[in-house]
Structures are given as structure tokens and as C-alpha cells.
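Undergrad: heads up, no residue letters with this:
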């Protein structure tokens with residue numbers, strides 16, 4: 001009786017997870033997206049409010065009706081070009097802002113040759129920029145976001161060719177700023193303050209990263225962190241855009257060493273102060289000119305500069321792609337802790353990080369991330385082989401016991417208690433554990449999620465091809481049954497009323513009735529695997545398990561192609577393993593049954 005109850009419990013858990021998945025993707029997720037869009041629209045319609053936080057010199061307000069194009073925004077201030085192997089853009093002499101950057105090696109889409117725009121100047125919609133300045137009490141004219149700097153040397157910022165600018169506040173303080181850039185994504189900003197007055201001054205350097213409004217392509221995937229991020233000491237703190245926007249007061253942090261910034265799915269902009277200093281930071285937000293401004297800001301140590309003396313402060317700015325090896329190298333070079341945690345490894349980081357490491361290792365051997373996923377699947381299967389082997393052996397013995405179980409049920413059909421007692425006794429005699437077959441499936445859940453996470457958040461998977469029509473493992477399978485997988489020259493997404501359901505969108509997730517080749521292969525392998533398992537004795541349970549391959553085919557269809565490749569290949573390996581064991585035990589299985597039917601037809 002206890003064994004049967006345990007089995008029913010497992011079936012209940014699996015069915016509950018299935019129902020939850022269907023409910024989330026088809027009900028809750030559309031509601032979340034509608035709420036997010038409504039919140040953004042409401043934010044844009046609100047009246048202007050006070051500036052963001054206590055940092056002075058906050059940049060001028062924008063009005064949604066006054067947004068300008070890039071050319072107009074760039075023409076509003078003198079600029080210095082930025083050209084490196086990885087970046088193209090310019091720096092504004094107003095505020096010394098780093099506010100115009102493109103990532104040379106990353107395209108918007110596979111079919112769009114335009115490069116990714118990381119930072120954009122104020123005045124444009126969704127402006128996004130970084131700058132540094134100085135704070136001081138009762139001191140006028142300190143450098144801030146609107147300070148007009150004068151270029152003293154350098155005509156272009158590139159590796160090995162820094163630029164130098166200066167500013168005199170007219171109160172006896174002269175500021176000299178040197179900006180350097182490496183061949184990747186790191187800017188080094190060094191400020192020298194010369195106190196030419198007749199009294200000492202107390203100053204503190206600060207930095208600010210601001211984003212004016214949230215672009216519509218951000219925050220679409222619940223499992224990806226996008227928003228404020230920082231490490232203070234050795235503690236990681238994050239605030240997603242919805243939570244960040246709802247905060248009534250700034251989130252305040254402090255620590256010796258660390259970094260702070262704004263992260264997207266694949267891109268990061270972050271200040272890295274001197275690591276031997278204690279700095280304070282805030283995540284804060286407010287309305288500015290009818291547009292919600294999101295800001296991460298830090299304030300470093302306070303300098304007391306006597307008359308006739310000077311002080312120098314250096315800060316680094318990372319602005320680029322979150323590649324694991326680059327973040328690791330910068331973390332080691334600058335002594336900055338947990339730089340690689342800018343990648344959202346998630347709560348299963350102890351699985352996602354090793355998975356990514358193994359994937360990169362296999363990629364180094366085969367130079368194809370799709371093949372690397374296949375090899376990773378084999379590696380996972382080898383690790384789980386002893387447990388799975390015992391489970392499938394137990395399942396094979398249970399399948400062989402099906403006739404005896406039916407006989408017991410028929411004999412004691414009027415006495416359920418005696419029926420369960422006899423079945424339990426039979427399990428004990430035959431040394432069969434009816435729950436053994438469930439463990440491989442349950443263990444697969446965190447593995448499945450972790451690989452999903454890796455494929456979703458690591459930029460190495462972005463636009464990584466497999467073979468044939470799979471050109472991006474991090475995107476959905478572009479094939480569609482509704483146009484016979486491309487044989488009919490028609491895009492189902494253009495169909496009236498139902499186009500959104502039967503068309504293949506460009507992003508992962510969402511409601512869909514579009515089934516690609518990979519989704520159908522997944523459903524077929526899941527159906528065959530289900531047929532090889534011992535059938536449930538209860539008729540209702542049998543119907544539920546029979547429907548699961550169909551339901552999961554639609555549930556899995558919107559997921560990343562790389563994830564489906566993993567799951568299909570995992571199912572195939574499982575089927576092979578089960579078949580070998582069942583064949584050895586001479587247990588009935590659908591493959592041998594199919595082969596026997598073919599032989600009979602051939603003989604006839």
C-alpha cells in the first residue's frame with residue numbers, strides 16, 4: 001500500500017509541474033508582459049519629479065516629445081572619437097561622459113549587419129551613459145555631468161593613445177582628466193586635482209551610470225537578471241528593473257573593494273573603483289522630464305587636499321560584452337571580486353558554471369557549440385549511468401511483472417487492501433522498487449534548468465550555429481510545421497488573427513502553436529520513451545501519461561534550439577540504454593515489437 005501511495009505521490013508531483021508549466025507559459029507570462037508594458041507606459045506619462053538621489057549636478061531633463069536622433073544628439077557637444085578593436089563611438093566633452101559606444105563584434109540579429117549599441121547620448125530616447133565627478137561642501141563649480149571640459153592632448157581615444165582634458169572651476173581648483181582604453185572593454189579614468197587656492201579643500205570622487213527609460217527588449221525573460229548589480233566586499237546585490245522601479249528609497253550599500261553598474265542579458269556597464277578603498281553605492285530611480293531614470297552611483301573615499309597640494313583618483317569603467325574569460329581576466333588584473341558573477345548563473349550556479357566550463361572545453365575540441373552540447377549530454381549520462389542503469393533494470397523487471405500484477409488485481413478485485421498487500425509482497429519477492437524509475441527523471445529537472453540557464457545567459461551561445469537551418473542555438477527553432485518547414489513560401493506570422501500563435505517569433509518563450517522540426521523530434525522521442533516505461537495500472541494515470549508527450553511538445557517548442565537538441569539527444573541515449581537492458585531481460589518493448597511486425601509483414 002505504501003509503495004502504491006508513493007508512486008501516486010510522484011505522479012501527482014509530475015502532473016502538478018506539468019500543469020504549473022502550462023499555466024505559467026499560457027496564463028501568467030502574458031499577464032506579466034502586459035503589466036510590464038502598462039507600468040512603462042504609466043511611468044512615461046507621469047509628471048517630472050526631483051533629481052535622482054543626493055549626487056549633485058544631475059544631468060538636464062529630457063522630454064519624451066523632444067527626443068532627437070543620434071546625429072542631432074552628438075552634435076550638441078564637442079566630442080573625441082573612440083576607436084578600438086572592440087568598440088567604436090565617442091566621448092562627450094560635456095561632463096566627460098562616456099555616452100556613445102557600439103560593440104564591433106556583435107550584431108543586432110543574424111540578418112542585421114548593424115552592430116550592438118551599448119551606450120547612447122542624452123537627448124535620444126532610452127539614453128544610457130556614464131560619467132564621473134567630484135563632490136564637496138560649499139565649493140562651487142565642481143566637475144559634474146554638465147561641466148565643459150577642454151581637450152588638451154589627443155585627437156582620438158584608442159589603445160596606447162589616451163586623451164587628456166582639463167577644467168578650471170575659477171575657485172583655485174584645476175582638474176586634469178586622463179582617459180585610457182584597452183583593446184577590449186576597459187576604460188581607465190584618472191583625475192588629478194590641483195589645489196591652487198589659499199586653503200585646504202575636502203572633496204570626494206563619485207561616478208554615475210544612468211539609463212533613461214527601459215527599452216522594450218529588456219526584461220522579457222523571467223530567469224534573466226537585468227537591472228542594477230554590484231559587488232560590495234564579497235557580497236553580490238542585484239535589483240531587477242521592476243523591483244528597482246518600485247523602490248521608494250535608494251538601496252544603499254558599502255564595502256571595501258567591488259564594483260557597481262547596470263547589466264543587461266549580455267552586456268554590462270560598471271564602475272570598478274580602487275580595490276583598497278571603501279566606497280558607498282546606491283541603486284536609485286526617479287522621474288526626470290516624464291521619463292523614469294534608473295541610476296547606479298558610487299562615492300569613493302574623501303580627500304583632504306591642503307593648499308598648494310594635489311590628489312589623484314583612478315577608477316575603471318567596464319563597458320562591453322559579458323564574456324566569461326574577459327570578466328575573469330579583468331577581475332584578476334584589477335583585484336575586483338566576483339566579476340564573472342555579472343553573468344547571471346542563477347541559484348544552481350554550482351551546476352551552471354561547471355556546465356559552461358565543460359561546454360567551452362568541448363567547443364575547443366570540435367568548434368561547434370551544438371556538437372559540444374551533444375558531448376556534454378553524453379558526459380552527463382555517463383555520470384548518471386550507475387543510477388540510471390539500476391533504475392532501468394528495475395523498470396524492465398516491473399514491465400515483466402505486469403501480467404502477474406494484472407492477475408493479482410483480477411483475483412482480489414473486490415478486496416483492494418488484499419490486492420495492495422499481494423502486490424507489495426510480489427515487489428519484495430522480485431526485489432523490485434517501483435519508484436526507482438522516477439529518480440532519473442527527477443534528477444534531470446535541475447540539469448535541464450541549469451543547461452537552459454547556460455544557453456540563455458552566456459553570450460558565447462548567442463548566434464552560435466549548429467548545422468543546417470539551426471543558425472542560433474540560443475534562439476528558437478525557426479522551422480514551422482504550418483508552412484511545411486519552409487517548403488511553402490509563406491510566413492505564418494502574417495496570418496490574420498492567429499499569426500501571433502502559429503508564427504515563430506524572434507525571442508525564446510511565449511505562447512505558440514508553431515511546431516518546428518526539433519519540437520516534433522522531441523515529442524517523438526518522449527513518446528517512445530514513455531512507451532518503454534511500465535504502463536500505470538490506473539486508467540486515468542495511463543491517460544495522463546499518454547497525453548504528456550503531446551503537451552510537452554507544445555510547451556518545449558518555444559525554448560532555445562540548443563536546449564531541445566540536448567533533450568532530444570538525452571532521450572535518444574536513454575532509449576538506447578533502456579532498450580539494451582530490456583532486451584537483456586527479455587522484457588517486452590515497443591522497438592522489438594515493431595521489428596517483429598516488420599518481419600511478419602516481410603514473411604507474408
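TA: Thanks, I have the structure now. What you see is a predicted model; the values in this text were computed from it and never measured.
Undergrad: Helix or strand: which one has residue 260?
TA: Secondary structure from DSSP states H and E places residue 260 in strand 258-263.
Undergrad: and that strand, what other elements does it pack with?
TA: Contacts defined by 3 or more CB pairs under 8 Å, 6 or more residues apart in numbering; DSSP states H and E place strand 258-263 against strand 201-212, strand 227-232, strand 267-272, strand 291-299. C-beta here means a position set from N, CA and C on the backbone, and glycine is covered the same way.
Undergrad: The next helix or strand after the last one packs against which elements?
TA: Yep, that's strand 291-299 we're talking about. Counting by DSSP H and E, the element after strand 291-299 in chain order, helix or strand, is strand 303-305. Packed against strand 303-305 by the contact rule (3+ CB pairs under 8 Å, 6+ apart) you find strand 186-195, strand 201-212, strand 310-321.
Undergrad: Might one say that residue 370 is in contact with residue 564?
TA: No: in this structure residue 370 lies outside contact range of residue 564 using CB atoms under 8 Å: 10.9 Å.
Undergrad: neighbour-wise, which of those two wins?
TA: Neighbours per residue, other CB atoms under 10 Å: of residue 370 and residue 564, the larger number sits with residue 564, 23 against 20.
Undergrad: Touching, the more buried one and residue 515? I think so.
TA: No: applying CB under 8 Å as the test, residue 564 and residue 515 come out as separate, 11.2 Å apart.
Undergrad: and the spatially closest residue to residue 299 that is not a sequence neighbour, bridged to which residues?
TA: Excluding the flanking residues, the one nearest residue 299 by CB to CB, 6 or more residues apart in numbering is residue 206, at 4.5 Å. In this entry, residue 206 is beta-bridged to residue 133, residue 299, by DSSP bridges.
Undergrad: Next one: residue 206 from residue 357, what distance?
TA: According to CB to CB, to the nearest Å, residue 206 stands 37 Å off from residue 357.
Undergrad: So which helix or strand of the protein has the lowest pLDDT on average?
TA: helix 29-45 (a mean of 45; mean pLDDT, DSSP states H and E).
Undergrad: which sections of the stretch 101-250 of the chain are below the confidence cut-off?
TA: Scanning the stretch 101-250 of the chain for pLDDT under 70 picks out the ranges 219-220.
Undergrad: Can you tell me which of the helices and strands packed on strand 303-305 is most buried?
TA: Neighbour counts (mean count of other CB atoms under 10 Å) averaged over each of those peak at strand 201-212, with a mean of 23.
Undergrad: And that strand, what does it pack against?
TA: Against strand 201-212 (3+ CB pairs under 8 Å, 6+ apart) you get strand 128-135, strand 186-195, strand 258-263, strand 267-272, strand 291-299, strand 303-305, strand 310-321.
Undergrad: ok, now with 7 Å
TA: If contacts are counted by 3 or more CB pairs under 7 Å, 6 or more residues apart in numbering; DSSP states H and E, strand 201-212 sits against strand 128-135, strand 186-195, strand 258-263, strand 267-272, strand 291-299, strand 303-305.
Undergrad: now for those strands, which one comes closest to residue 248?
TA: Set against residue 248 and scored by CB to CB, these come closest in strand 291-299, at 13.8 Å.
Undergrad: Show me what counts as buried in that closest one.
TA: 291-299 (16 or more other CB atoms under 10 Å).
Undergrad: And stretch 124-143, by the same measure?
TA: 124, 127-136, 139, 142-143.
Undergrad: ok, which pair from these is furthest apart?
TA: Of all pairs in the buried residues of stretch 124-143, the most separated under CB to CB is 124 and 139 at 32.2 Å.
Undergrad: For residue 228, list each beta-bridge partner.
TA: Here residue 228 shows beta-bridge partners residue 239, residue 262, assigned using DSSP bridges.
Undergrad: ok, residues contacting the top helix by length along the chain?
TA: As assigned by DSSP state H, the longest helix anywhere in the chain is helix 561-584. Identification of contacts with helix 561-584 by CB atoms under 7 Å, 6 or more residues apart in numbering yields 370, 373-374, 377, 381, 388, 392-393, 396, 451-452, 455, 461, 466, 470, 473-477, 518-519, 521-522, 525-526, 528-529, 532, 556, 589, 591-592.
Undergrad: so how far is residue 515 from residue 567?
TA: Taken as CB to CB, the span from residue 567 to residue 515 is 15 Å.
Undergrad: hang on, I meant residue 70
TA: 41 Å.
Undergrad: before we move on, what about residue 581?
TA: The gap separating residue 581 from residue 515 is 31 Å, by CB to CB.
Undergrad: cool, and residue 359?
TA: For residue 359, the distance to residue 515 - CB to CB - is 27 Å.
Undergrad: can you check residue 492 too?
TA: Taking CB to CB, one finds residue 492 at 11 Å from residue 515.
Undergrad: Compare the two (neighbour count), which wins?
TA: With neighbours defined as other CB under 10 Å, residue 492 and residue 515 compare such that residue 515 has more, 22 against 19.
Undergrad: Go ahead and report the secondary structure state at the more buried one.
TA: Assigned by DSSP: H, G, I helix; E, B strand; the rest coil, the conformation of residue 515 is coil.
Undergrad: Count the residues that sit near the closest residue to it other than its chain neighbours.
TA: Residue nearest to residue 515 in three dimensions, not counting chain neighbours: residue 481, with 4.6 Å by CB to CB, 6+ apart. Using other CB under 10 Å, the number of residues around residue 481 comes to 16.
Undergrad: Surely residue 481 and residue 517 touch.
TA: No: Residue 481 lies out of contact with residue 517 (CB atoms under 7 Å); the separation is 8.4 Å.
Undergrad: Listing request: residues of the stretch 401-550 of the chain with sub-threshold pLDDT.
TA: Residues of the stretch 401-550 of the chain that meet the criterion pLDDT under 70 lie in 431-441, 506-511, 534-539.
Undergrad: which residues of it fall in helices?
TA: In the stretch 401-550 of the chain, the helices defined using DSSP state H, counting those that start in this stretch lie at 402-411, 416-430, 438-457, 499-502, 517-532, 539-556.
Undergrad: I'd like the distance between the residue nearest to residue 463 when sequence neighbours are not counted and residue 171.
TA: Excluding the flanking residues, the one nearest residue 463 by CB to CB, 6+ apart is residue 472, at 5.2 Å. With distances taken as CB to CB, residue 472 is found 56 Å from residue 171.
Undergrad: show me the contacts for the closest residue to residue 298 other than its chain neighbours.
TA: Nearest residue to residue 298, sequence neighbours excluded (CB to CB, 6+ apart): residue 281, at 4.3 Å. Residues near residue 281 by CB under 7 Å, 6+ apart: 230, 232, 253, 260, 296-298.
Undergrad: again, but for residue 515
TA: Residue 515 touches 481, 553, 557, counting by CB under 7 Å, 6+ apart.
Undergrad: now swap in residue 98 and tell me
TA: Residue 98 sits next to 91, 119, 129-131, 187, 317, 319 when contact means CB under 7 Å, 6+ apart.
Undergrad: before we move on, back to that, residues of the helix or strand that the longest helix of the chain is followed by that come out buried?
TA: Per DSSP H and E, helix 561-584 leads on to helix 590-603 as the next helix or strand towards the C-terminus. Buried residues in helix 590-603, counted by 16+ other CB under 10 Å: 590-591.
Undergrad: list the helices and strands helix 590-603 packs on?
TA: Packing partners of helix 590-603 (3+ CB pairs under 7 Å, 6+ apart): helix 517-532.
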